[in-house]
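1. no sequence for this one, just the structure:
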């Protein structure tokens, strides 16, 4: 079975370590904040200028001056700090954020990522995504493995305009967790009940299948 | 008579305008703060990260955490602000300071200035001087017109390592106030009792002497 | 203190001198911390052919979005424009020129513009459409592209508190692009929620020194929220 | 919260891992806001062949000056070294390599090192010895030189107050180079006058977020004054 959004978020959260500063993109990455293991603390960075993002506010706590990068109203946890956009991206570009999780339309086995533009159809802009992928050493891309029509999004070469070149090393899809090494996808984990064959058939880029591909623990 | 240090400072202060943000170098420039005309306010920038420098502290006010760029203990005026060195030089380099006054060993009629190093003799470093001369549109250099041995310091070409190239437009010496335009010194004012001839004899760079060269009002 | 009193008497005065074809650098992120009344004044003035550098272009009917209604903006330099149907329509039709710029690069370009840095290298955008036509250089085995500073004829920004000298404090994430935007404009106009007496702000707590601010005005703000998201108790 | 608790138990622990030949980026201006106890610990450790980037090199017997006594510093990157006779002697004799760097360029190089900017252009130093051997480029008719970022194996810095997560506040002009120095080191060590509980610092008033800080220690400080200058009442 393909992972649900919640399961994807759970699996992302397994990458967290106590003391990590983490930037979570809009959508599934953000959900991962709900699955931080007990006894572990991570500080969420929001690129509009907040480190230490808390949960959504109660109705009476809503403050127009306190939003996240997705423009949602949020709160701050203890130990939070506020800074300008220049400082926020100094932090990101300078590699100070421990883990970045974001979505994508396509990735390829060269570590390229396309996530911000579909020519002629969707031109919303890259926001902070280009800075995030260029600045972070440790990035997880979360995405569906294939389109609704069964077309692979894990390609030999991205077809859409790139968000970043050669910067992605780990991809989590609804079917599998894969690393990218030396121009190949390496299959690391399968979604529960999903066969290696199914994953292989939906992966257009070169895929290395180790002898043992365990099921994810979600 | 050559101007005294106090007279030099007085003449510098005549360049102030109400509302000016001013950076005053160590020595005579700093003295100019004592001659700010009544009813006028200027804010003094100290490049170690203070805008709104006040007078020296009373004995009981001395605080090791509050010094100026000359490492002297100082105070803050109302409306002062504190910032990092990067922000301080963003301000300077970005041209936000209205007037910069600093000393020099030599200037030349190309607008070059040498102020930080005498090879083999004195190597203290440029501190903020190179940033100040590169960042400011409005700079006054204060210096003695000639050495004790009567050698001009207003040259056709600086002999010492430069602090800045082509950036000086106004020089105040103990003998004269001069502008630099099109590769020439233009004599604007004389120190009281100093003749145009004396100034000309002590100016090695090309000097333009207008018909009327008034005495300074000091 | 008259020389340091940055307070102007009206929004008309605040934006006086803005001309057709000028470049404006604007603070704000989404609708958070935007200079909403200064934008309304620009709409009232009716200046056209403006180039605006701002992270977003507002929404339909809010923020910079209202300047699109009368086609006052010729070119937007922004990182994200996805909240605005009118924007998308004008961009698709070619009426509006758009220079999509990564968010961090945009913030740094504004900072550079204010800080006398004409250009800098960044890895952001290398190998992407953003890098096309830009110089690529390797430092320590990594590729970077050259990005140039942004400067404006005007900056418009919003802060929380100011003293009459223009020393500013921002409030929470309404800080965002505002400090850099202010530094990048020849004439920096800032609207605030409260103006206090000189000396009331602790020098250590001032977020941006008044040296960068030319005109200051106290306004009242709608503070619209794009995505009100709450949890239940 | 253990993962975010940056507080270490001793100065030994604070500087653990510093090796001969490493590069240190240090905060402080003159003797103001210098990490005096961290410097003493480096002296105690006896590491040699260090490269140190710091605006000044202390004075004879104070600050970084004490590292010169045992010839621990191989190279200084500084803007002003005029307060230190031993420094001058070692420089003149060639024992000490010195890279004189304009103050603003030094501050910006440290900021760039922390901010993922490998290099930037500045007019500062163009046409002077500082510009020799550096690329010159024209932007808008003016000449600029290319300056590269500074990064260190360690940063050492001093702040006023911190919470245990390393969120920092500085006090008056003791701020100076400290924030940038901290961002530019792989391992950033900060000593402070007071450590408060998490949540005690207002998020809007934090000068540097704890994300940049790896190790934190509370110390007591001599705070020597180079030029005590007073006026009479």
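-> Yep, that arrived. All values derive from a computational prediction rather than experimental measurement.
2. how about the helices in the chain?
-> Because you didn't say which chain, this covers chain A. Along chain A, counting by DSSP state H, helices occupy A:5-13, A:28-31, A:85-93, A:129-135, A:196-201.
3. Correction: the question concerned chain C.
-> Counting by DSSP H, the helices of chain C are C:11-14, C:36-45, C:65-69, C:85-93, C:103-115, C:178-183.
4. give me the number of residues near residue 65?
-> Just going to use chain A. Counted with other CB atoms under 10 Å in any protein chain shown, residues neighbouring residue A:65 total 19. Yep, even glycine has a C-beta here, placed from its N, CA and C like the rest.
5. The intended chain is chain C.
-> Neighbour tally, residue C:65, other CB under 10 Å: 21.
6. picking that back up, tell me which of the helices of chain A lies nearest to residue B:183.
-> helix A:85-93 (40.2 Å; CB to CB).
7. Show me what the closest one is packed against.
-> Helices and strands touching helix A:85-93, by 3 or more CB pairs under 8 Å, 6 or more residues apart in numbering or on different chains; DSSP states H and E, are strand A:42-46, helix A:129-135, helix C:103-115, helix C:178-183, helix D:103-115.
8. Compute the mean per-residue pLDDT across it, please.
-> Across helix A:85-93, pLDDT averages out at 98.
9. and that helix, how far out from the chain's middle?
-> Helix A:85-93 sits 19 Å away from the centroid of its parent chain (CA atoms, centre = their mean, to the nearest Å).
10. quick check: angle from it to helix C:103-115?
-> Calculated by axes from the mean of the first three to the mean of the last three CA atoms, to 10 degrees, helix A:85-93 forms an angle of 130 degrees with helix C:103-115.
11. Taking the chain centroid, which residue in chain A is the extreme one?
-> What lies farthest from the middle of chain A is residue A:60; by CA atoms, centre = their mean that is 31.1 Å.
12. Can you name the residue of chain C nearest chain B?
-> residue C:3 (2.3 Å; CB to the nearest CB).
13. so who does that residue touch?
-> Residue C:3 makes contact with B:17, B:18, B:19, B:20, B:40, B:41 under the criterion CB atoms under 8 Å, 6 or more residues apart in numbering or on different chains.
14. Is chain A within reach of stretch C:182-194?
-> No. Applying CB under 8 Å from any CB of the partner chain, one finds stretch C:182-194 out of contact with chain A, separated by at least 9.6 Å.
15. do that stretch and chain D meet at all?
-> No. Figure legend: stretch C:182-194 not in contact with chain D (CB under 8 Å from any CB); closest approach 13.8 Å.
16. Please identify the buried residues of that stretch?
-> Buried positions in stretch C:182-194, judged by neighbour count with 16 or more other CB atoms under 10 Å in any protein chain shown: C:182, C:183, C:184, C:185, C:187, C:188, C:189, C:190, C:191, C:192, C:193.
17. what's the average pLDDT for that stretch?
-> 98.
18. In the chain, where is pLDDT below threshold?
-> As the question left the chain open, I've gone with chain A. Residues of chain A meeting the criterion pLDDT under 70: none.
19. that's the other chain; I wanted chain C
-> In chain C (pLDDT under 70), the answer is C:1.
20. and chain C, which residues reach chain B?
-> C:1-4, C:111, C:113-117, C:163, C:165, C:167, C:183, C:198-199, C:201, C:203-204, C:206, C:209-212.
21. filter the residues you listed to the buried ones?
-> The buried subset of the residues of chain C next to chain B - by 16+ other CB under 10 Å - is C:3-4, C:111, C:113-117, C:163, C:165, C:167, C:183, C:198, C:201, C:203-204, C:206, C:209-212.
22. on that earlier part again, for the residue of chain C closest to chain B, give its distance to residue B:19.
-> 2 Å (CB to CB, to the nearest Å).
23. list the residues that contact both of the two?
-> residue B:41.
24. Neighbours of residue C:49, how many?
-> 13.
25. List the contacts of it.
-> Applying CB under 8 Å, 6+ apart, the residues near residue C:49 are C:20, C:21, C:72, C:74.
26. For the second one, which non-adjacent residue is closest in space?
-> Counting by CB to CB, 6 or more residues apart in numbering or on different chains, residue C:49 is the residue found nearest to residue C:21 once chain neighbours are left out, at 4.5 Å.
27. what about that neighbour, distance to residue C:185?
-> The value you get for residue C:49 to residue C:185, if CB to CB is used, is 18 Å.
28. Also residue A:183?
-> Distance from residue A:183 to residue C:185, by CB to CB: 47 Å.
29. The buried residues of stretch C:182-194: which two are farthest apart?
-> C:184 and C:193 (22.6 Å).
30. Contact residues of chain C facing chain D?
-> So far as CB under 8 Å from any CB goes, chain C lies against chain D at C:108, C:112, C:115-123, C:137, C:139-140, C:142, C:144, C:148, C:169-172, C:175, C:203-205, C:207.
31. and with 7 Å instead?
-> C:116-123, C:139, C:144, C:171-172, C:204-205 (CB under 7 Å from any CB of the partner chain).
32. Buried among these? Make that a PyMOL selection.
-> With 16+ other CB under 10 Å as the criterion, this PyMOL line picks the buried residues out of these:
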select buried, chain C and resi 116+117+118+119+120+121+122+123+144+171+172+204+205
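33. Turn the residues of chain C next to chain D into CSV, including distance to residue D:38.
-> As requested, these are exported to CSV (distance: CB to CB, whole Å):
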residue, distance to residue D:38
C:116, 32
C:117, 31
C:118, 36
C:119, 35
C:120, 31
C:121, 31
C:122, 32
C:123, 31
C:139, 29
C:144, 32
C:171, 35
C:172, 33
C:204, 23
C:205, 27
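34. what residue of chain C is the furthest out?
-> Distance-from-mean max, chain C, by CA atoms, centre = their mean: residue C:233 at 36.1 Å.
35. Cheers, nothing more for now.
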